[in-house]
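>>> Quick one, what's the 3D model for this:
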Amino acid sequence: TAGTRLRGSLALRVAMASVLFGIVVAAGTVAVGFWNLSKQLDERAVVEMHGRRELLVHLLFTIPSLAAIADSKECFADLFFGHDDLHLALMEPNTKQVIAAYSDVATQSVVGLGHAKAPPDTMHAWVTPSGTRYSGWHSTVAVADGGKVEFLLSIDRRQDAALLEGFVKTTLLALPLLLALVAVGAGLIAKTGLAPARRFNKL
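Take a look at the predicted model:
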């Protein structure tokens, strides 16, 4: 009958409206979740980098002079222990001549951090020619005899990027099921809500 078709159409419209509303809410939730996770990962990287910086300043102060840096790689064992994602380059502050670079990434950071043009003692992003994203920290500190050395400390952020990518993929995989449940639930609620109208129509 016309009344049955009308009620069925109404239930369908309620279900579709609920799905659209669910999409908007889900999109907002995903965006907020992504932003919050990204922010937490950035804050964790800053804390980690700050701790590495403090250790590096201490280690550099144990080196007698700038001339001794080239033969002092073993002094940085504690800095790199358990941190394969950490890269260090040391430069003469005035001439910008590289004194030591302990990885290919460290060598690239001399250009990458230079292009970033960020102030000292702040963490900022730089990208290798191949497109890999790193976070870097640079500053000028003293060795034992008072000579100044500029350090460029970088950390690989690919694990953080993979975590964010995994979050997005997992959310997108779960979203269709969630929206289907919303649609079914909304349809059932609409039908239940229209039950009194059906009973009234039969009177």
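>>> Low-confidence ranges, this protein, go.
Residue ranges of the chain with pLDDT under 70: 1-12, 14-15, 18, 115-116, 186-187, 189-203.
>>> Tell me where it has helices.
For the chain, the helices defined by DSSP state H cover 2-61, 77-80, 104-116, 158-202.
>>> is it true that Ile161 touches Ser135?
That one is not Ile; residue 161 is Ala. No. Under the criterion of Cβ atoms under 8 Å, Ala161 is not in contact with Ser135, lying 11.2 Å apart. Quick note: C-beta positions are derived from backbone N, CA and C, even for glycine.
>>> neighbour-wise, which of these two wins?
Ranked by neighbour count (other Cβ atoms under 10 Å), Ala161 and Ser135 place Ser135 first, with 19 against 14.
>>> Could I get the contacting residues of the more buried one?
Ala45, Met49, Met123, His124, Ala125, Trp126, Ser154, Ile155, Arg157 (Cβ atoms under 8 Å, 6 or more residues apart in numbering).
>>> How about the residue most central in space within the chain, nearest residue that isn't a chain neighbour?
Taking Cα atoms, centre = their mean, the centroid of the chain lies closest to Ser38, which sits 3.9 Å from it. Closest residue in space to Ser38, ignoring its immediate chain neighbours: Leu164 at 6.0 Å, by Cβ to Cβ, 6 or more residues apart in numbering.
>>> Glu92 now?
Ile99 (6.1 Å).
>>> cool, Ser103 as well?
His87 (4.7 Å).
>>> Equivalent analysis for Gln159, please.
Once chain neighbours are set aside, the closest to Gln159 by Cβ to Cβ, 6+ apart is Asp85, at 7.4 Å.
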